[in-house]
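Asker: sequence-free structure coming up:
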């Protein structure tokens, strides 16, 4: 059972960003400082990657742990409220992520996915990976 009223829950959920999140911004700034130029949330690319190097065909997704199912086998047991909503939603997100990766890969794209905590803990390491992939293409 949800502890918030429907109006409160709606307000909370509307505040969740789908672009321009902290983890995206951190990685984007690091890449920009390294002289790498990219497109943000490119609508013309399937899946709208958070960062895209269109000419090099490199798509980068910054995935939050909760919404994209990090360590799902263990974490799905942690969801206590509104399980009938969250578990199918997160599993659908995970399936969509797999489909986007498969489609882009089949079209010749290199797809990189980083977890939010990975970006927060090792920003330069994530940027190093992106930089090496972009320069090798």
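Answerer: Thanks, I have it. Because the structure is predicted, anything quoted here is derived from the model rather than measured. Residues are numbered from 1 along each chain as shown.
Asker: quick one, grab the pLDDT at residue 79.
Answerer: With respect to pLDDT, residue 79 has a value of 84.
Asker: enumerate every residue touching it.
Answerer: 86-87 (C-beta atoms under 8 Å, 6 or more residues apart in numbering). No exception for glycine: its C-beta is placed from N, CA and C like everyone else's.
Asker: and it, which of the three is it?
Answerer: The three-state label given to residue 79 by DSSP: H, G, I helix; E, B strand; the rest coil is coil.
Asker: where does the chain dip in pLDDT?
Answerer: 1-2, 17-18 (pLDDT under 70).
Asker: so which residues of it form helices?
Answerer: 6-14, 22-33, 65-68, 72-75, 83-106, 116-121, 123-136 (DSSP state H).
Asker: how about those, which one is nearest residue 50?
Answerer: For those, proximity to residue 50 was assessed by C-beta to C-beta; helix 22-33 is nearest, at 4.9 Å.
Asker: quick one: contacts for residue 76?
Answerer: 69, 87, 90.
Asker: quick one, what contacts the spatially closest residue to the last one that is not a sequence neighbour?
Answerer: Yep, that's residue 90 we're talking about. Sequence neighbours aside, residue 69 is the residue nearest to residue 90 in space, at 4.9 Å (criterion: C-beta to C-beta, 6 or more residues apart in numbering). Contact partners of residue 69, counting by C-beta under 8 Å, 6+ apart, are 75-76, 90-91, 93-94.
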